[in-house]
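**Student:** Got a sequence here, can you build the structure:
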Amino acid sequence: MKSFLEDLFTQRLRERSYMDLQKLALAKCPILIIGPTGVGKSYLAEKIHGIHRLKNPFIEVDVAAIHEATFDGQLFGHKRGSFTGAVGDQIGLCKAVRDGTLFLDEIGDLGLDLQKKLLMLIERRSFLPIGSDRRVPFEGHLILATNRKLGDLVKSGNFREDLYYRIRVIEIEVKPLCERKDEVAKLIPHLIFELAKRYPGKDLILSKDLENFLIDHPWPGNIRELKNTLEYLFVFSEKVARIGDLPASILEEASKKAQGTKKSIEDEDLGSRFLEQNSGQWISPFMKKMSTKSFQEASEDFEKSYFSRILEENNGRINQTSREIGISKTTLIMKARKYKIDTNRLRAKAVMECTGSRH
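**Tutor:** Residues are numbered from 1 along each chain as shown. Modelled structure (predicted):
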């Protein structure tokens, strides 16, 4: 059965008139995958590779991390005695890949001199190991990827125009998650299923308010950030995961976004969903006045409203509340003191209401 992500990519390719992954895998020309960091470019490259070349290597190379002085040696290999320290023949990645896939990531960061060598590899379908006078055939399939706008780099003189047109015979653009909202809701359970394999015996159940938050969040780090966040929840949440279980960096980012919006409180924007609770459509008062406050003030307003609400729902019980929102009792007590939330009064109120209902 095809994985969910493969179905998504296949659907997107069809929308761009590229038939399907089967035909892409048979292509003899290079394939260029473009898109921002974390959208799944390497995942797509592996899927293309796996259709017809699974028995052969898939070699991923971050070309931006290769030093110019070692580029030839790593990609093309060297002969014994070709330089000091070359005590034996060394095959390069272009030879090691055989009939598999050589995935060159971040090609937008490749220097001009190295771009020329890459162009020769593509044009001649062969390479010259250091110290050799005999060219070696390149039998692999090239897939390249970048998060840079190559057209702009060509105009600025930082990317070779001939290489640009040679590698974009088949160009696939993978959109960021913020432009694929319809896919996020389907992607979350798939990622949870995949992560569950790494954490046997542990389930991740999302509360409705947290699920809505994850769907609405812009995810600037794309699939990678979403997956990392879900893994964080696997590690730190207990029973049902709630918004309070999210990493502090995600909550701060959401607060900044909420602070900058000027939409009506009735709008179903990120801010309102961020504060939505299962028990009702409660919206923190800071949402109405946040545009006039600093980030620190808005964050404190949110915290005060959030902790007041959740402690009231739990009748001031510290232990129960800390377990529910996934923070330590010490932290919760400090927050209650900071915002002058009288947990004793909340417990007494709950007892009086309970006693009164019996008469």
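
**Student:** which stretches of the stretch 251-359 of the chain have low pLDDT?
**Tutor:** For the stretch 251-359 of the chain, applying pLDDT under 70 flags the ranges 255-295, 298, 350-359.

**Student:** hmm, try it at 90
**Tutor:** Across the stretch 251-359 of the chain, the ranges flagged by pLDDT under 90 are 251-340, 342-359.

**Student:** what separates Ala65 from Thr37, distance-wise?
**Tutor:** To Thr37, Ala65 is 14 Å away according to Cβ to Cβ, to the nearest Å. Any C-beta I mention is one placed from the backbone N, CA and C, and that applies to glycine too.

**Student:** who's more crowded, those two?
**Tutor:** The neighbour comparison of Ala65 against Thr37 (other Cβ atoms under 10 Å) goes to Thr37, with 13 against 9.

**Student:** what sits against the more buried one?
**Tutor:** Shown in contact with Thr37 (Cβ atoms under 8 Å, 6 or more residues apart in numbering): 147, 221-222, 224.

**Student:** Pull up the per-residue confidence for it.
**Tutor:** pLDDT recorded at Thr37 is 87.

**Student:** How is it classified with respect to secondary structure?
**Tutor:** Following DSSP: H, G, I helix; E, B strand; the rest coil, we place Thr37 in the coil state.

**Student:** what stretches of the stretch 51-200 of the chain score poorly on pLDDT?
**Tutor:** Along the stretch 51-200 of the chain, segments meeting pLDDT under 90 span 51-56, 62-70, 79-89, 173-187, 190-191, 193-200.

**Student:** Grab the nearest non-local neighbour of Cys224.
**Tutor:** That one is not Cys; residue 224 is Arg. In this structure, Arg224 finds its nearest non-sequential neighbour in Gly38, 3.5 Å apart by Cβ to Cβ, 6 or more residues apart in numbering.

**Student:** mind listing the strands for the stretch 1-150 of the chain?
**Tutor:** Assigned by DSSP state E, counting those that start in this stretch, the strands in the stretch 1-150 of the chain fall at 31-34, 58-62, 77-78, 90-91, 101-105, 126-127, 136-137, 141-146.

**Student:** The third one: how far from the chain's middle?
**Tutor:** Average the C-alpha atoms of strand 77-78, do the same for its chain, and the two points are 36 Å apart (Cα atoms, centre = their mean, to the nearest Å).

**Student:** repeat for the longest one
**Tutor:** A distance of 20 Å separates the centroid of the chain from that of strand 141-146, by Cα atoms, centre = their mean.

**Student:** In terms of secondary structure, what does it contact?
**Tutor:** For strand 141-146, the packing partners by 3 or more Cβ pairs under 8 Å, 6 or more residues apart in numbering; DSSP states H and E come out as strand 31-34, helix 41-52, strand 101-105.

**Student:** after it, next one along is what?
**Tutor:** Elements were assigned by DSSP states H and E; along the chain past strand 141-146, the next helix or strand is helix 150-155.

**Student:** in that following helix, what's buried?
**Tutor:** Residues of helix 150-155 classed as buried: 150, 153-154 (neighbour count, 16 or more other Cβ atoms under 10 Å).

**Student:** what's it packed up against?
**Tutor:** Helix 150-155 is packed against helix 161-167, with contacts defined by 3+ Cβ pairs under 8 Å, 6+ apart.

**Student:** What residues are bridge-paired with His141?
**Tutor:** In this structure, His141 bridges to Thr101 when assessed by DSSP bridges.

**Student:** And for the one 5 residues further on?
**Tutor:** Beta bridges link Thr146 to Ile34, judged by DSSP bridges.
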